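Novice: With the input below, show me the fold.
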Amino acid sequence: MNERQKAETIRNGLIQRIESAIDTGFEALALDVFQYQSRYNPLYRHFLQLLGASPLAVTRVADIPFLPIQFFKSHHIRSGYWDPALAFSSSGTTAAATSRHFLRDPEFYRRNARRGFTRFYGPVEDYCILALLPSYLERSGSSLVFMAEDFIRQSRYPRSGFFLYNIEELVGILADCKKNAVPTLLLGVSFALWELAEQYPMDLGGITIMETGGMKGRRRELTREELHGILKSAFQVEAVHSEYGMTELLSQAYSRGGGIFYPSSTMRVLTREISDPLSPEKPGKTGALNIVDLANLDTISFIAADDLGRVYADGHFEILGRLDASDARGCNLLIADVEGNG
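Specialist: Next up, the predicted model:
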């Protein structure tokens with residue numbers, strides 16, 4: 001058996017385990033994914049070598065070195081031997097500012113996203129899915145649009161769909177869903193939900209309103225608490241839900257209110273010290289986020305993100321902001337080392 005065949009055999013076994021991931025086996029599975037990626041991801045292998053980190057010495061997830069997320073902007077990140085079926089891309093004004101996440105199997109992403117949603121809300125097909133994502137629909141390569149598109153296809157309600165300029169139609173459907181007690185998810189980017197609240201305040205009690213974050217320069221920035229306050233008042237709901245995801249992740253986390261997120265079964269969030277990207281932070285302390293995403297088996301599952309947050313002992317977490325340039329210096333030095341020796 002040659003090296004390519006060995007990699008495929010290991011990957012196929014890991015995929016089966018990831019598809020049936022349960023909380024109690026996460027640590028062992030994550031360590032096996034780490035061993036696979038440290039062997040079959042050239043960029044990550046080089047990164048570990050520069051750190052002097054031996055994969056055989058890693059026996060806990062807390063000891064795994066996390067790859068800075070900025071590498072998605074400069075490298076085609078791949079574990080194993082395969083050609084991309086499609087690519088997700090982040091928003092950005094220049095090519096250098098855009099992250100690209102290549103997918104080997106889009107259907108695997110769809111299944112994983114459905115499982116993540118079902119874990120917290122029940123089957124996707126039971127909801128009328130109304131997606132208000134203008135800034136994402138206006139560009140190509142959005143992973144959020146890709147996920148929403150699949151959710152809409154899965155829904156058993158024919159009025160599910162995207163809404164870009166047809167806002168009055170959306171308002172009418174929301175009113176009908178409210179009147180007929182149809183289980184409904186209004187999934188929207190923050191600035192679009194804010195505009196809807198200003199222009200069409202209405203009683204949406206019983207409807208799940210979920211914001212995905214991001215003003216994208218369209219409105220002044222609000223804290224999550226301020227935004228949720230506006231939406232709760234305008235739509236007469238007790239809580240505003242949130243989705244946490246990004247181009248570089250194939251798993252999501254969800255909040256049912258108050259900005260408290262719970263990750264899907266293939267995802268865990270840890271914190272690292274802000275000034276030292278290689279030192280883990282204690283639970284309950286504010287730090288930069290390290291994200292384990294087992295669904296990223298074909299790219300990289302261990303990502304040092306640019307978000308600031310607080311993670312608690314039971315695994316739930318809060319997002320408190322973003323690293324600024326000075327905070328990110330440690331990760332940037334790691335990147336410079338890899339680029340300089342690549």
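Novice: lowest confidence element among the helices and strands of the protein?
Specialist: helix 329-341 (a mean of 55; mean pLDDT, DSSP states H and E).
Novice: any idea how far residue 273 is from residue 283?
Specialist: As judged by C-beta to C-beta, to the nearest Å, residue 273 and residue 283 stand 13 Å apart. (Glycine included, C-beta is placed from N, CA and C.)
Novice: which neighbours do those two share?
Specialist: Residues touching both residue 273 and residue 283 by C-beta atoms under 8 Å, 6 or more residues apart in numbering: none at all.
Novice: and residue 118, what does it touch?
Specialist: Residue 118 makes contacts with residue 124, as judged by C-beta under 8 Å, 6+ apart.
Novice: Just the pLDDT for it.
Specialist: You'll see residue 118 listed with a pLDDT of 97.
Novice: and it, what helix or strand is that in?
Specialist: According to DSSP states H and E, residue 118 maps onto helix 106-121.
Novice: continuing past that helix, what's the next helix or strand?
Specialist: strand 128-132.
Novice: Check which helices and strands that next one sits against.
Specialist: Strand 128-132 sits against helix 143-154, strand 161-162, helix 167-179, strand 184-188, helix 190-199, with contacts defined as 3 or more C-beta pairs under 8 Å, 6 or more residues apart in numbering; DSSP states H and E.
Novice: could these be laid out in a markdown table, adding mean neighbour count?
Specialist: Below are the helices and strands packed on strand 128-132 laid out as a markdown table (neighbours: other C-beta atoms under 10 Å):
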| stretch | mean neighbour count |
| --- | --- |
| helix 143-154 | 20 |
| strand 161-162 | 18 |
| helix 167-179 | 16 |
| strand 184-188 | 25 |
| helix 190-199 | 20 |
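Novice: Residue 254 is nearest to which of the ones you listed?
Specialist: strand 184-188 (11.1 Å; C-beta to C-beta).
Novice: how big is the angle separating the closest one from helix 143-154?
Specialist: With axes from the mean of the first three to the mean of the last three C-alpha atoms, to 10 degrees applied, the angle from strand 184-188 to helix 143-154 works out at 160 degrees.
Novice: Strand 184-188 to helix 190-199, inter-axis angle?
Specialist: 110 degrees.
Novice: got the contact list for strand 184-188?
Specialist: Contact with strand 184-188 is made by 121, 127-133, 148, 151, 174, 177-178, 193, 196, 204, 207-212, 243, as judged by C-beta under 8 Å, 6+ apart.
Novice: cool, stretch 190-201 as well?
Specialist: So stretch 190-201 is in contact with 132-135, 167, 170-171, 186, 188, 209, 211-216, 218-219, 222, 227, 230-231, 233-235, going by C-beta under 8 Å, 6+ apart.
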